[in-house]
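Q: take this sequence and fold it.
(2 chains)
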2 protein chains.
Amino acid sequence: MDHKFPKVVIVGGGFGGIELAKKLRGREVHVLMLDRHNYHTFQPLLYQVATGGLEPDSIAFPLRKIFKGQKNFTFRNTEVKQIFPERNVVDTSIGEIGYDYLVLATGSDTNFFGSKELEHYTMPMKTIPEALNLRSMILQNLEEALIETDPEKKAGLLNFVIVGAGPTGVELAGAISELKRHILHKDYPELDPNNMHVYLVEGSDVVLGPMSEKSHRNAYQFLLDMGVNVLTGVRVLNYDGLHLNLSSGQSIISENVIWSAGVLGEVIPGIPKDSVVRGNRIRVDEINRVIGFDNIFAIGDVASMSTDEYPNGHPGVAPVAQQQGRHLAKNIIHLINKEPTEPFKYFDKGSMATVGRNKAVVDIGKLHFSGFFAWFVWMFVHLMTLVGFRNKVVTFVNWVWSYFSYDRGIRLIIRPFNRQSMTEDTRQK
Amino acid sequence: MDHKFPKVVIVGGGFGGIELAKKLRGREVHVLMLDRHNYHTFQPLLYQVATGGLEPDSIAFPLRKIFKGQKNFTFRNTEVKQIFPERNVVDTSIGEIGYDYLVLATGSDTNFFGSKELEHYTMPMKTIPEALNLRSMILQNLEEALIETDPEKKAGLLNFVIVGAGPTGVELAGAISELKRHILHKDYPELDPNNMHVYLVEGSDVVLGPMSEKSHRNAYQFLLDMGVNVLTGVRVLNYDGLHLNLSSGQSIISENVIWSAGVLGEVIPGIPKDSVVRGNRIRVDEINRVIGFDNIFAIGDVASMSTDEYPNGHPGVAPVAQQQGRHLAKNIIHLINKEPTEPFKYFDKGSMATVGRNKAVVDIGKLHFSGFFAWFVWMFVHLMTLVGFRNKVVTFVNWVWSYFSYDRGIRLIIRPFNRQSMTEDTRQK
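A: Residues are numbered from 1 along each chain as shown, chains lettered A, B, ... in the order given. Modelled structure (predicted):
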């Protein structure tokens, strides 16, 4: 490494971090990426891992492999514990690391809204190990339901509740309902599919809140058609691992409660409290620079940039992170060259969500469409965005196979899920 | 279920158990299969999972899916703890289960020859979680080697020792040596590949002992060509997690010691001690019936049938288990119908092992061949034997991809390996 060049330290190999590091290829900087995983996670497809539709390894891609041959790039598999802005240093599990420019691209984690109870008893799904735990739990509970004689306990094993009707919640509810309709009677002929129920609980009045009104209506209808019990305008009051009490007065007996009701930015200690705003996001200026610092930046889910169009910050989606990453690369070079910087502007290409086979909703600007074509577009876009040729091919094979066989073949309990033996650490990371 | 039919309980969904249950399809018996995993493991390819060549999910297949639509088949995901032959009952984690015929198809586990030290410090590879632990450990130790400054510790992280030169040991040594030659310099440009060493330690004088002399010689030469240090006629004296002391007087510094030096049958308590012979296998007669019992059988790795050709029992390979499973199905029907049984005869179709790309050895009867064609035959046979169309396609895609890219793309540390936090339970299962 040539030590004359400034050192850009990127914390996190998600969508934003990757685009930033790629754009700095060949530039007169050293790029050091730090991530506690040695792979990039394609989070939009986690729900397919959780429901046996995809291998975990198809939506993960080794970070080192992405940057193979990029001479100004170094990777360290480590966790950043603390930032010391006054010394331009971060403390990590492998010691202190200095930086000239620091970019926080740490993303977000599940928001349990401060409830230790919900954190303990419900299942989050933000990482691959979490999706695998969910897969194991679903399959284990079906196995247990087979031999359970107590009717209440059996109902608890066969009722599935997804809390939060954003894209993740809607997609999960759809996928679990397809498991019920296409798999249950084949795999568990002893179980009556009519005893399995899927609930989707949402605090606001619509599903897929940030999308268009047409998408709300169409997705809602798709969910009903697939047999999902959609409860909108309903909040979770409490949950003891079996009884889920709702603000509507209803109580659902379920051991399978999946929590996708919100996210919190993953802020690293050392960022002043008054820089952290709603959703635990870090307030940044129009070039993603953390307010109050010269050389610390935040991009993607963890950043909150207030603009005229997005006064409360941009949506926490991959395209925002990717565009901010690419844009920041240019601005870092500008800063190094003492050139004027350019403010970030988000180009919204649209949004989409899939509910089930042949059922998806797509909004592009004022254009809305749904059904088979939307579903096809959803698959195409996700396949193209997936990192790595091998991953694309394996995912494509799985999708074609699932489509024609009405099957999700990967119903494996590789590591059994055991809530009791889980530590905070294995749960979150 | 029609309770007039006799109940055949099969413990274990390996090669033997599956063939047995399949052959009983449509027969006037109830088949109940018990397995602590809900999937079949294709053990011959575990080493490719451990070295990042295949997804774990490609070599696993849900047991329920194999028997989809087989009306006389039931599966329970449970562990058998004890047999009570006097009552025709097995005790399991989900309670007592009665049988008319009991078939033990439990396979084998790693043989550490009674050494708690070796069991604690070396890595076995008989299950998918074990192969994943190994994958994580190899990648974690390479990451650690990057930042290690102490030369002895660094050598320990970069030296890989495989103990036992059966097919598993040879295949692993070859695969790790390919990681060194084709991947290391791309993923870790900071590491000098010359500092990474692969050792294969074998107690007998040859590699691939049970194969032909030509195979011994060719495999040995392949290993040398690939840069593996083959130490034959050498036993492990002791290992403290860093220093591996050998009977030759040599000591190797390594944190990566993989133990493939032998197996022990997985005998369930309740089988009398005098029925258990060398290698912890259960002595069976010529129809795989456990000596001293009328209605208890053992097939595959856990069974030891002494014949003129195989006085110490058959080799512990998949074809023996499969043939015994198929044959026992016929004999169980004979027994039910009070017809004479037919003694088992093993038809040896040959054996093979692969060392690396274009490098394999095949023995079929007196015929031996090696090199590209043998390697091609090895791949074809393994692909065809793999359970499930989806698994075949995904594996084929991975192999074609690896062949042309010289890459093993699945270098993921999905769950970090931590020896300290492992319990006996997670290690073995």
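Q: and the stretch 51-200 of chain A, which residues reach chain B?
A: A:55-58, A:60, A:62, A:64-65, A:68-69, A:74, A:76-77, A:94-95, A:128-129, A:132, A:139-140, A:143, A:146-147, A:186-188, A:190 (Cβ under 8 Å from any Cβ of the partner chain). Every C-beta, even on glycine, is put in place using the N, C-alpha and C of the backbone.
Q: from those residues, list just the buried residues.
A: A:55-58, A:60, A:62, A:64-65, A:74, A:76-77, A:94, A:128-129, A:132, A:139-140, A:143, A:146, A:187-188 (16 or more other Cβ atoms under 10 Å in any protein chain shown).
Q: now, the residues you listed that are in helices?
A: A:64-65, A:128-129, A:132, A:139-140, A:143, A:146, A:187 (DSSP state H).
Q: what's the distance between the closest residue to chain B within the stretch 251-400 of chain A and B:His243?
A: Nearest to chain B in the stretch 251-400 of chain A, going by Cβ to the nearest Cβ, is A:Arg390, at a distance of 4.8 Å. Per Cβ to Cβ, to the nearest Å, A:Arg390 is found 39 Å from B:His243.
Q: swap in A:Asp100?
A: Relative to B:His243, and taking Cβ to Cβ, A:Asp100 is found at 42 Å.
Q: cool, A:Glu339 as well?
A: A:Glu339 sits 57 Å away from B:His243, going by Cβ to Cβ.
Q: farthest pair within the ones in helices among the buried ones among the residues of the stretch 51-200 of chain A next to chain B?
A: By the measure Cβ to Cβ, A:Arg64 and A:Leu146 form the most distant pair in those, at 43.6 Å.
Q: A:Gln82 pairs with what?
A: Beta bridges link A:Gln82 to A:Asp91 when assigned by DSSP bridges.
Q: show me the contacts for A:Ala321.
A: A:Ala321 makes contacts with A:14-16, A:19, A:105, A:107, A:299-301, as judged by Cβ atoms under 8 Å, 6 or more residues apart in numbering or on different chains.
Q: quick revisit: higher neighbour count, A:Arg390 and B:His243?
A: A:Arg390 (24 against 13; other Cβ atoms under 10 Å in any protein chain shown).
Q: just the contacts of A:Ala321 now: which is nearest A:Arg217?
A: For the contacts of A:Ala321, the nearest to A:Arg217 is A:Asp301 (28.0 Å; Cβ to Cβ).
Q: okay, now the nearest residue to the closest one once chain neighbours are set aside: neighbour count?
A: Nearest residue to A:Asp301 in three dimensions, chain neighbours excluded: A:Ser108, at 3.9 Å (Cβ to Cβ, 6 or more residues apart in numbering or on different chains). A:Ser108: 21 surrounding residues under other Cβ under 10 Å.
Q: is A:Ser108 in a bridge, and if so with what?
A: Assigned bridge partners for A:Ser108, using DSSP bridges, are A:Gly265.
Q: check what pLDDT the residue of the stretch 151-300 of chain A found nearest chain B gets.
A: Residue of the stretch 151-300 of chain A nearest chain B, by Cβ to the nearest Cβ: A:Asp187 (4.4 Å). On pLDDT, A:Asp187 comes in at 93.
Q: tell me which residues touch it, please.
A: Taking Cβ under 8 Å, 6+ apart as the test, what A:Asp187 contacts is A:142, A:411, B:62, B:64-65, B:68.
Q: and for A:Val163?
A: A:122, A:169, A:201-202, A:236, A:257-261.
Q: try 7 Å
A: Neighbour list for A:Val163: A:201, A:236, A:257-261 [criterion: Cβ atoms under 7 Å, 6 or more residues apart in numbering or on different chains].
Q: same check on A:Pro44?
A: Here A:Pro44 is in contact with A:318, A:382 (Cβ under 7 Å, 6+ apart).
Q: partner residues bridging A:Ser304?
A: Counting by DSSP bridges, A:Ser304 is bridged to A:Arg283.
Q: count the residues that sit near it.
A: By other Cβ under 10 Å, 23 other residues sit near A:Ser304.
Q: which sections of chain A are below the confidence cut-off?
A: A:1-3, A:421-429 (pLDDT under 70).
Q: and the helices in it?
A: Secondary structure of chain A by DSSP H: the helices cover A:15-23, A:46-50, A:63-66, A:116-121, A:128-147, A:151-158, A:167-178, A:184-187, A:213-225, A:318-336, A:372-385, A:389-405, A:424-428.
Q: quick one, domains of chain A?
A: Domain assignment for chain A by automatic domain parsing gives A:7-36+A:78-110+A:263-336, A:116-261+A:357-428.
Q: surely A:Tyr188 touches A:Leu146?
A: Yes: assessed by Cβ atoms under 7 Å, A:Tyr188 is found in contact with A:Leu146 at 6.3 Å.
Q: can you pull the contacts of A:Thr41?
A: Applying Cβ under 7 Å, 6+ apart, the residues near A:Thr41 are A:59-60, A:127-128.
Q: thinking again about what came up before, you'd agree the residue of the stretch 251-400 of chain A closest to chain B is up against B:Trp401?
A: Yes: under the criterion of Cβ under 7 Å, A:Arg390 makes contact with B:Trp401 at 5.2 Å.
Q: could you name every residue contacting both of those two?
A: B:Gly409.
Q: can you tell me how far A:Ser306 is from A:Glu286?
A: Separation of A:Ser306 from A:Glu286 (Cβ to Cβ) stands at 9 Å.
Q: go on, A:Val163?
A: A:Val163 is 35 Å from A:Glu286, where distance means Cβ to Cβ.
Q: again, but for A:Leu367
A: According to Cβ to Cβ, A:Leu367 and A:Glu286 sit 29 Å apart.
Q: more neighbours: these two, which one.
A: Per other Cβ under 10 Å, whichever of A:Leu367 and A:Glu286 has more neighbours is A:Glu286, with 14 against 10.
Q: OK, contacts around that one?
A: Contacts for A:Glu286 (Cβ under 7 Å, 6+ apart) come out as A:305, A:343-344.
Q: next up, the contacts around A:Val49.
A: Residues in contact with A:Val49 (Cβ under 7 Å, 6+ apart) are A:56, A:59, A:128, A:131-132, A:135.
Q: quick one, strands of the stretch 201-350 of chain A?
A: A:228-232, A:236-239, A:243-246, A:251-253, A:256-259, A:263-265, A:276-277, A:281-284, A:296-298, A:303-305 (DSSP state E, counting those that start in this stretch).
Q: deepest in the core, which of the ones you listed is it.
A: strand A:296-298 (a mean of 27; mean count of other Cβ atoms under 10 Å in any protein chain shown).
Q: centre of the chain to that strand, how far?
A: 21 Å (Cα atoms, centre = their mean, to the nearest Å).
Q: what sits closest to A:Gly95 if chain neighbours are left out?
A: B:Ile147 (7.9 Å).
Q: pretty sure the one you found is touching A:Ile97, no?
A: No: B:Ile147 lies out of contact with A:Ile97 (Cβ under 7 Å); the separation is 10.5 Å.
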